[in-house]
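Chemist: this one's structure only:
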């Protein structure tokens with residue numbers, strides 16, 4: 001919360017705890033990264049693997065890329081000028097929520113299976129005559145470690161989700177994200193692609209629900225804040 005943001009309303013009650021002001025330019029740059037990177041990887045995977053081994057990886061990457069576009073629309077709606085309403089004042093926060101849950105989470109979910117497909121592709125790197133296949137073993141799990149700093153980002157209060165759900169629910173959502181991603185990767189390696197698709201579907205639906213709840217709650221919180229916040233002193 002910024003230092004000049006009031007904490008008590010005109011009725012004496014506490015005002016909603018809104019996320020801190022964020023630089024829309026930084027999030028706009030992230031939109032470009034999240035649009036191009038998953039989209040490029042999805043095309044690379046189509047080029048490099050066998051369709052039966054994709055599971056739902058390509059769909060997750062395309063969802064991540066498309067969600068970045070939607071997040072950019074929300075961020076572009078941010079405005080603090082005269083005539084701005086509760087929706088336009090929450091554009092960056094809403095866009096951040098879309099990027100965090102509908103762009104980053106599907107991307108993290110797709111990474112382990114994506115690495116396995118690319119590492120074992122015979123189209124990207126042809127095997128030399130007499131070469132011996134070496135199993136990557138536990139090192140294939142390294143891309144999955146990106147989930148841990150993401151969870152720290154959310155649970156330490158950096159994420160937008162922190163401001164729209166309770167702390168126990170925030171923990172539950174992040175633990176569920178971790179468990180579903182791990183279970184989906186295990187299903188992919190066991191070639192249980194129908195199970196992987198079901199787990200990824202549950203993850204995506206849960207993220208959509210969290211995003212919808214978060215955006216609507218941010219609007220309500222901002223409207224409440226605008227209604228009850230003390231008038232700013234004239235300069």
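Modeler: Sure, I can see it. Because the structure is a prediction, the values reported are computed rather than measured.
Chemist: need the helices for this structure, in chain order.
Modeler: With helices called from DSSP state H, the chain shows them at 24-48, 57-76, 86-89, 91-98, 105-119, 147-155, 167-189, 193-228.
Chemist: for the fifth one, name the packing helices and strands.
Modeler: The reference is to helix 105-119. The contact analysis (3 or more Cβ pairs under 8 Å, 6 or more residues apart in numbering; DSSP states H and E) places helix 105-119 against helix 24-48, helix 57-76, helix 147-155, helix 167-189, helix 193-228. For every residue, glycine as well, the C-beta is placed using N, CA and C.
Chemist: 7 Å instead?
Modeler: Counting contacts by 3 or more Cβ pairs under 7 Å, 6 or more residues apart in numbering; DSSP states H and E, helix 105-119 packs against helix 24-48, helix 57-76, helix 167-189, helix 193-228.
Chemist: same question for the third one.
Modeler: Counting contacts by 3+ Cβ pairs under 7 Å, 6+ apart, the secondary-structure elements packed against helix 86-89 are helix 193-228.
Chemist: returning to that earlier point: mean pLDDT lowest for which of the helices and strands packed on helix 105-119?
Modeler: Of all the helices and strands packed on helix 105-119, the minimum mean pLDDT falls on helix 24-48 (a mean of 86).
Chemist: related to what we said a few turns ago, dump the helices of the chain to a markdown table, plus mean neighbour count and distance to residue 141.
Modeler: Formatted as a markdown table, the helices of the chain follow (neighbours: other Cβ atoms under 10 Å; distance: least, Cβ to Cβ, whole Å):
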| stretch | mean neighbour count | distance to residue 141 |
| --- | --- | --- |
| helix 24-48 | 16 | 18 |
| helix 57-76 | 21 | 16 |
| helix 86-89 | 17 | 42 |
| helix 91-98 | 25 | 28 |
| helix 105-119 | 23 | 7 |
| helix 147-155 | 16 | 10 |
| helix 167-189 | 17 | 8 |
| helix 193-228 | 17 | 16 |
